[in-house]
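Q: Here's my sequence, what's the structure:
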Amino acid sequence: MKKWLSPFLLIAFFVLSAAAHFAGWDPIIQFILAAISVIFVAGFLGKATENVAHYAGQRLGGFLNATFGNAAELIIAIFLVKEGLFDMVKASLTGSIIGNLLLVLGLSIFAGGTKFKVQSFNVSLAGMNGSLMIVAIIALFVPAVFLNTHSITTSDTQTLSLIVAGILIVAYIAWLIFSMFTHKKYLADVTEDSEEELPHEHTPDWSKGKSILYLVLATVMVAFVSEWLVDTLETFTTRFGLSELFVGAFLVAIIGNAAEHSAAVMLAMKNKIGASVEIAVGSSLQIALFVTPVLVFASYFYGNTMNLVFSTIELLAIGVSVFIAKSIIQDGKTNWYEGLLLLVVYVILGVSFFMV
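A: As a prediction, this is how the structure comes out:
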């Protein structure tokens, strides 16, 4: 029954979401159907990525999961940028970063910790990830401080944002070269060759070719559903009196992170916490060091440059998330209580954003 139920629901909600969008149904119904459809499509994307990861290896697999898992956020954000909704874009980026660092990582560590007393991963990788997260904070913090202290003008801020965005993209590409090629063994996962893992856990559901095909198909489906979801956000926000900050930072982010949620938690339950950390932290780094800069350049080509000046609340949320995540992963060991601490911080931020 399970073999046909999930594909059936995936197709059913995708078709319903399409019908609601093109037939002009009530925006709230459109939003609900699109949101549910995104979750199913993201789950499909996560499963396809996991199968591809089997053939590519854990580290590359984690990177692919983070990359294709972020496809939903990136595509949603591009449509928002095109509409000029920069505040919601920044809120969704903030939500993606804190969602991955607190919710995805927290759930993974908690779930894995309930099954295994202590889980370990490469401490060198943890240190590098922590340093990169601090670089991301600096990159977001500097333009905001210089603008708010009136040290530079608004137009200069846009120029500074483009320069910083370019530097971040170069830094991220250099990190990929460092982690995937020159220091691949140095950052290898400690459980990669563990004898405790069962053979059937390594068996993929699909062949290599089918996995790649499904990965492309899932990404295309995410693109369509994301556009339908964005079209309903303004009406949804206005009708329920919610702030763009809360909708972007939590609602859109949770929906968009569905792929990371399923894959990261599932891997942690299989004692592959290194891969889970790679997905959660790697996804946050990708959002901060690559997706955000790409959106800055995208907005420039649309004719209205989005700066890197995030609000004080957003910077605080990202800073707090980086601080607690770095302190928990820096020793290369995790347990269920550390996962709970991450979730506690996420709930605190969620309630605070809702009150705005």
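Q: And Ile254, how close does it get to Gly350?
A: 9 Å (C-beta to C-beta, to the nearest Å). Placement of C-beta: from N, CA and C, glycine included.
Q: Sorry, slip of the keys, the one I care about is Ile78.
A: Distance from Ile78 to Gly350, by C-beta to C-beta: 25 Å.
Q: tell me which element the residue nearest to Gly130 when sequence neighbours are not counted falls in.
A: Closest residue to Gly130 apart from its sequence neighbours, by C-beta to C-beta, 6 or more residues apart in numbering: Lys326 at 4.1 Å. If you go by DSSP states H and E, Lys326 is part of helix 312-329.
Q: rewinding a little: residues contacting the residue nearest to Gly130?
A: Asn129, Gly130, Met133, Ile134 (C-beta atoms under 8 Å, 6 or more residues apart in numbering).
Q: Could you do Leu229 as well?
A: Leu229 neighbours (C-beta under 8 Å, 6+ apart): Phe31, Ala34, Ala35, Val38, Ile76, Val252, Ile255.
Q: How about the contacts made by the last one?
A: By C-beta under 8 Å, 6+ apart, Ile255 lies in contact with Ala35, Val38, Ile39, Ala42, Ala72, Leu229.
Q: And the fifth one, by the same measure?
A: Contact criterion C-beta under 8 Å, 6+ apart gives Ser92, Ser226, Leu229, Val230, Val252, Gly256 as the residues in contact with Ile76.
Q: show me where the stretch 251-356 of the chain has strands.
A: 333-334 (DSSP state E, counting those that start in this stretch).
Q: And the helices in it?
A: For the stretch 251-356 of the chain, applying DSSP state H, counting those that start in this stretch gives helices covering 253-256, 258-269, 273-286, 292-301, 312-329, 336-355.
Q: about what we covered before: next, format the contacts of Ile255 as TSV and append distance to Gly106 and pLDDT.
A: Output for the contacts of Ile255, formatted as TSV (distance: C-beta to C-beta, whole Å; pLDDT from 0 to 100):
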residue	distance to Gly106	pLDDT
Ala35	22	84
Val38	21	82
Ile39	19	80
Ala42	18	75
Ala72	20	65
Leu229	25	82
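Q: Scan those residues and report the most crowded one.
A: For the contacts of Ile255, neighbours were counted using other C-beta atoms under 10 Å, and Ala72 has the most, 30 neighbours in all.
Q: so where is this structure shaky, pLDDT-wise?
A: Applying pLDDT under 70 to the chain flags residues 1-5, 53, 57-59, 61-62, 65, 69, 72, 189-202, 253, 256-260.
Q: Counting neighbours, show which residues of the longest helix out of those in it come out buried.
A: Ranked by residue count, the top helix of the chain under DSSP state H comes out as helix 208-239. Of all the residues in helix 208-239, those buried under the rule 16 or more other C-beta atoms under 10 Å are 211, 214-215, 218-219, 221-233, 236-237.
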